[in-house]
Structures are given as structure tokens and as C-alpha cells.
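>>> next one to model:
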Amino acid sequence: MTCWPYRAGTADVEGLPPHVVSVNELDPLRDEGLAYHRLLLRSGVSSVGKVNLGLCHVGELLFRAALPDVYLAAVRDVSGFARSLG
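Coordinates of the predicted model:
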């Protein structure tokens, strides 16, 4: 089995814990992230999907100084998800 989520099948992801899949609009990996999110949902895995408009690959982290609101929103999203797991 490969560790590349885009190549995973339903049986590979069934029973996984909840996910948050956040992709950036201008990221060349965006469609793979969206496909993985859809696979999780089809497999009965709780998953929240988010598309960050106007950002490139890891743009919310690379441009922390230029886009502090975007960076802080990413931190809030990850922290909120972690707290929601109990």
C-alpha cells in the first residue's frame, strides 16, 4: 500500500479518525486534496473541507508577515479542530 492519499481506496480509509482537509486555490495539489476529502466522505469518515481562495501551496504559512489574518485563521482552524476531538 502506498502512503499517497490520492491513491487510497475506500478500504484504505475506512475507520480513520475525523479529518480537516484544507487546500489552497492556486496549489497544484489542490485537486488531490479535494479528491481525498470526497473519498473520506464516501467511506463514512468525518471530514471538513476548506478551499482558501487566492493562495498558493502553503501560502498561509509562507506569507505569514504579509498575510497575518490568513495565518491566524489557519492557526485557529487547526487549534479548533484539535480541541473538538476532546
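>>> could you list every helix and strand in contact with the helix or strand Val51 falls within?
Using DSSP states H and E, Val51 sits within strand 47-52. Identification of packing neighbours for strand 47-52 by 3 or more Cβ pairs under 8 Å, 6 or more residues apart in numbering; DSSP states H and E yields strand 19-24, helix 30-42, helix 68-84. For the C-beta atoms, the positions are set from N, CA and C on the backbone; glycine is no exception.
>>> out of those, flag the one nearest Lys50.
strand 19-24 (4.6 Å; Cβ to Cβ).
>>> tell me the gap between the closest one and the middle of its chain.
Chain-centre distance of strand 19-24: 1 Å, with Cα atoms, centre = their mean, to the nearest Å.
>>> specify the beta-bridge partners of the most centrally placed residue in the chain.
The centre of the chain sits closest to Val21, judged by Cα atoms, centre = their mean, with a distance of 1.9 Å. Counting by DSSP bridges, Val21 is bridged to Gly49.
>>> I figured it hits Ser46, correct?
No - counting by Cβ atoms under 8 Å, Val21 does not reach Ser46; the two are 11.3 Å apart.
>>> which residues do those two both contact?
Leu40 (Cβ atoms under 8 Å, 6 or more residues apart in numbering).
>>> now this structure, which segments are flagged as low pLDDT?
Where the chain drops to pLDDT under 70, the residues are 1-2.
>>> contact partners of the helix or strand hosting Ala11?
Secondary structure from DSSP H and E places Ala11 in helix 10-13. The contact list for helix 10-13 (Cβ under 8 Å, 6+ apart) reads 1, 39-40, 42-43, 45.
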